[in-house]
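**Q** can't give you the sequence, but here's the structure:
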C-alpha cells in the first residue's frame, strides 16, 4: 500500500506490505501524521519514519520468536517447524509464499539435526517414501490458487485429531511397520498437503516412528527425508515464481531463531527415550489437528 502526503506539507511517501490489521494501524498513524504535518511540517517525516520502523521491528521480532518455537518443536518431535511458522507467516505474506518461506526457515533446524544424527541415517527407508511424497507434492503445489484451502485444512485437522486419539489410546499402535497400503496413504496425503501449505510432517512422523528402534534413528531418518524434500519443493516453488529474492530477509531472520530453538531441543533430547518422544509426537499431532480445524 502507498501513503502519500500533500506536497506542501513535506510528508514522506513509503510502501509497505502489511496484513489488514497492520494496514488499519498504519492508516490511523498516517492520519495523525497528516494532522500534525499541517501545523508542524518539520515533524512529519520523523513521525512517519518512527511509525514504519515500529511495525517493521515488531515483524522481525515475531519472525525470530516463531522461528525459535519452530526449531524447538522440530528438535523435540522431529516435525512441526512449518506448522509453527504457518501460524504467523500468512499474516504478512500470501499463503503460497508463506509455505515456501516456512520450509526454508525449517532448513536451518533440519540441517542441524541431520548433522547431529548422521550416523543413524538409513537411506533405504527414505528413498521410496520420498519418491511417492514428492510426486504428489509436485502436482499439488499448483493447486493452492484453485482449491478451497480452508476446507482442506479442516479435513486435515479432523484426520490428525482422530490419529492422535487412536495412537494415544491404543498402546500397541505404531509399534511395528505399517502395511504398504497404509504407509502409501500416509505418503500421498503428506505430499499433497506439503505442496499446498508446506506441511507434510505429521503422517510421515508416524511412518518413520514405526520403523525406528531408537530416538536417534527416528530423528535421523525423518530429518534427512525433510532435507531432501526442502531442496526439491523449494526448486519447484522458485521455478513456478512462488518464491523470489524478496523473501530472503524473512528466511535469514527466521533461521536465527530456528537454530537457537533446535540447539536447545537437542540438549533436552539427550534425556528422553523413544517412548517419551512418542507421547510428545502424538500430543502435538492432535494440537496440530485442532489448529487446522479451528483456524
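**A** In hand now; what should we look at? Note that the coordinates shown come from a computational prediction; the quantities given were computed from them, not determined experimentally. Numbers count the residues shown, from 1 in each chain.

**Q** In this structure residue 82 contacts residue 107, no?
**A** No: with contact defined as CB atoms under 8 Å, residue 82 does not reach residue 107; the gap is 10.6 Å. (Each C-beta comes from the backbone N, C-alpha and C, glycine too.)

**Q** In terms of neighbours, single out the busier of these two.
**A** residue 82 (27 against 19; other CB atoms under 10 Å).

**Q** From residue 184, how far out is the more buried one?
**A** Remark: distance between residue 82 and residue 184 (CB to CB, to the nearest Å) = 22 Å.

**Q** pretty sure residue 71 is in contact with residue 254, am I right?
**A** No: with contact defined as CB under 8 Å, residue 71 does not count as touching residue 254 (9.3 Å).

**Q** Please identify every residue contacting each of these two.
**A** Jointly contacting residue 71 and residue 254 under the rule CB atoms under 8 Å, 6 or more residues apart in numbering are residue 108.

**Q** Mind telling me what element the closest residue to residue 62 other than its chain neighbours is part of?
**A** What sits nearest to residue 62 in space, not counting adjacent residues and going by CB to CB, 6 or more residues apart in numbering, is residue 88, at 5.9 Å. Per DSSP states H and E, residue 88 falls inside helix 81-88.

**Q** Show me what counts as buried in that helix.
**A** 81, 82, 83, 84, 85, 86, 88 (16 or more other CB atoms under 10 Å).

**Q** list the helices and strands that helix packs on?
**A** Other elements packing on helix 81-88 under the criterion 3 or more CB pairs under 8 Å, 6 or more residues apart in numbering; DSSP states H and E are helix 44-77, helix 95-116, helix 274-294.

**Q** just so I know, which of these lies nearest residue 235?
**A** Of all these, it is helix 95-116 that lies closest to residue 235, at 10.7 Å by CB to CB.

**Q** Distance from the chain centre to the helix or strand just after that closest one, please.
**A** Under the assignment DSSP H and E, the closest C-terminal helix or strand after helix 95-116 is helix 124-140. Centroid separation for helix 124-140 versus its chain: 19 Å, with CA atoms, centre = their mean, to the nearest Å.

**Q** quick one: buried residues of whichever helix or strand comes after helix 124-140?
**A** The helix or strand immediately downstream of helix 124-140 is helix 149-169, counting by DSSP H and E. Within helix 149-169, the residues that count as buried by 16+ other CB under 10 Å are 149, 152, 153, 154, 156, 157, 159, 160, 161, 163, 164, 167.

**Q** Many thanks, have a good one.
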